[in-house]
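**Student:** Have a look; sequence and predicted model below, questions after that.
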Amino acid sequence: MRKNFTLVFILSIIFAGYAQKEQIKEAQLEFKNGNSQGALSILKKSQYLINNAIADDKSEFYKLKAEIYKSLADQKIDPAANLSSAVATYKELIDEEDRIETYKYSVKAREAIKLIKDQIQGSAIADLKVNNYSEGAKKMYSLYEIDKKDTLNLYLSTSYFMKVNDYESALRNYKELNKLNYTGRVMEYYAVNKKSKVEELYLSAADRDSNVKAGIAENPRNLMAASKKSEILLNLGFIYREKKDLAAAENCYKQLITYDPKSVDGYLELAYLSLDKKKVISEQMSVLGTSKEEMLAYDNLKIKMDDIVKGAIKYLEKANSIQANDKTVSELLLKLYRSMDLIAEYNALKAKIN
């Protein structure tokens, strides 16, 4: 019985290896005939066979799959996603050849990854130059996926997603940046556009310097960037507020004032968030009737709402103590003082800002 089992097992491996080889040949033929989608479909269907394939077939499989993804990108079919998939597949090829210490395509794979990265970066720069921020953002994210050590690409991608109000993509990125504790304290490369006379930020020193050399830009300068942590937490909170997730937004703003206790924006946003909560309670109160139970519920909600407003006032008072000349803070604080009949506080602040 044991011998029969072993024989069946060996035969299954042989069959799987043969099937894998045939699938690769079929996909190669489709790819050669210009049917990249068909070739990719064949390889995806046979992916489960790859574990039992011989080393040479595995290398052929990953190489072909990567080339197909690259071909689809060259045909302008979801280029950012397909180039990213090509790189991921080349990395699988390299990892597999490292594992078995057989280097058939590893050198070419590494060269291909570098060329793809340069291609994506060049394409992203071209998109950004014509204000095509959506595509530029996707490509910058692809660059981050290729090399996750280069977190600047993730940050830039997020900034461009925010420009086009793609909050879902921005949220994914901001969460990743926050998880990485990204601060963005890196060297930034600037130069003035000769035509617009506007100073522009470049993705790299090489890109900036090539424009200066070509006479497109002038007055180059380098600047160590300020921390982006506050901006990340502020924007994360904004997106959560847009999604009506007030608890998550509050958590972001509290992280912000912990990170930067002098963040006026942080205290102001916490006050706005409190007023959002006040609105929710006010709406609950407005639908209550005059029964004894409903009147009691009304009174309890009123106490809760007043406590929320008092909390907002504390946040605004803190912001006002940091930056007394902030008109937005002062005006909102005056409004809340008046709503809570805090006459002495209202008059003191009014006299201070007049």
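**Tutor:** In hand now; what should we look at?

**Student:** What are the boundaries of the helices in the stretch 51-200 of the chain?
**Tutor:** Secondary structure of the stretch 51-200 of the chain by DSSP state H, counting those that start in this stretch: the helices cover 55-74, 79-100, 106-129, 133-146, 151-163, 167-179.

**Student:** cool, the stretch 251-354 of the chain as well?
**Tutor:** Using DSSP H, counting those that start in this stretch, the helices of the stretch 251-354 of the chain run over 264-286, 292-322, 327-339, 343-353.

**Student:** Of all those helices, which one is nearest Glu111?
**Tutor:** helix 264-286 (46.5 Å; CB to CB). Placement of C-beta: from N, CA and C, glycine included.

**Student:** hang on, the earlier thing: put together TSV for the helices of the stretch 251-354 of the chain, with mean neighbour count, distance to Ile125 and mean pLDDT on each row.
**Tutor:** Shown next, in TSV, are the helices of the stretch 251-354 of the chain (neighbours: other CB atoms under 10 Å; distance: least, CB to CB, whole Å; pLDDT from 0 to 100):
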stretch	mean neighbour count	distance to Ile125	mean pLDDT
helix 264-286	18	31	92
helix 292-322	16	39	93
helix 327-339	17	37	94
helix 343-353	13	47	91
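
**Student:** Could you list the low-pLDDT ranges of this protein?
**Tutor:** Along the chain, the parts satisfying pLDDT under 70 run over 1-20, 48-49, 51-52.

**Student:** Find the centremost residue of it, please.
**Tutor:** Asn173 (1.7 Å; CA atoms, centre = their mean).

**Student:** Surely that one touches Ser159?
**Tutor:** No. Asn173 is beyond contact range of Ser159, at 9.1 Å (criterion: CB atoms under 8 Å).

**Student:** circling back to that earlier point, just so I know, which of the helices of the stretch 51-200 of the chain lies nearest Tyr189?
**Tutor:** With CB to CB as the yardstick, what comes closest out of the helices of the stretch 51-200 of the chain is helix 151-163 (11.1 Å).

**Student:** circling back: could the helices of the stretch 251-354 of the chain be laid out in CSV, adding distance to Asp78?
**Tutor:** Shown next, in CSV, are these (distance: least, CB to CB, whole Å):
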stretch, distance to Asp78
helix 264-286, 37
helix 292-322, 45
helix 327-339, 43
helix 343-353, 55
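
**Student:** which stretch among those helices comes nearest Leu83?
**Tutor:** In terms of CB to CB, the element of those nearest to Leu83 is helix 264-286, at 37.2 Å.

**Student:** could you give the angle of the closest one to helix 327-339?
**Tutor:** 30 degrees (axes from the mean of the first three to the mean of the last three CA atoms, to 10 degrees).

**Student:** sorry, back to before: looking at the helices of the stretch 51-200 of the chain, spot the one closest to Lys197.
**Tutor:** Lys197 lies closest, by CB to CB, to one member of the helices of the stretch 51-200 of the chain: helix 106-129, at 16.2 Å.

**Student:** just how off-centre is the closest one within its chain?
**Tutor:** Centre-to-centre, helix 106-129 and its host chain are 20 Å apart (CA atoms, centre = their mean, to the nearest Å).

**Student:** Same check on stretch 163-170?
**Tutor:** Distance, stretch centre to chain centre, for stretch 163-170: 9 Å (CA atoms, centre = their mean).

**Student:** And for Ala86, the neighbour number?
**Tutor:** Counted with other CB atoms under 10 Å, the neighbours of Ala86 add up to 23.

**Student:** Going forward, the N-terminal residue is numbered 306.
**Tutor:** Done: numbering now begins at 306, and the last item shifts to Ala391.

**Student:** Tell me how many other residues crowd the residue lying closest to it once chain neighbours are set aside.
**Tutor:** Once flanking residues are discounted, Ala391 sits nearest to Tyr374: 3.7 Å by CB to CB, 6 or more residues apart in numbering. As a burial measure, Tyr374 scores 25 neighbours (other CB under 10 Å).

**Student:** Tyr449 versus Tyr374, what's the distance?
**Tutor:** 18 Å (CB to CB, to the nearest Å).

**Student:** Contacts only, for the nearest residue to Glu650 once chain neighbours are set aside.
**Tutor:** Nearest non-adjacent residue to Glu650, counting by CB to CB, 6+ apart: Tyr642, 4.9 Å away. Counting by CB atoms under 8 Å, 6 or more residues apart in numbering, Tyr642 touches Ile618, Ile648, Glu650, Tyr651, Leu654.

**Student:** Please report how far the last one lies from Leu641.
**Tutor:** To tie it back to what came earlier, the one meant is Leu654. Taking CB to CB, one finds Leu654 at 10 Å from Leu641.
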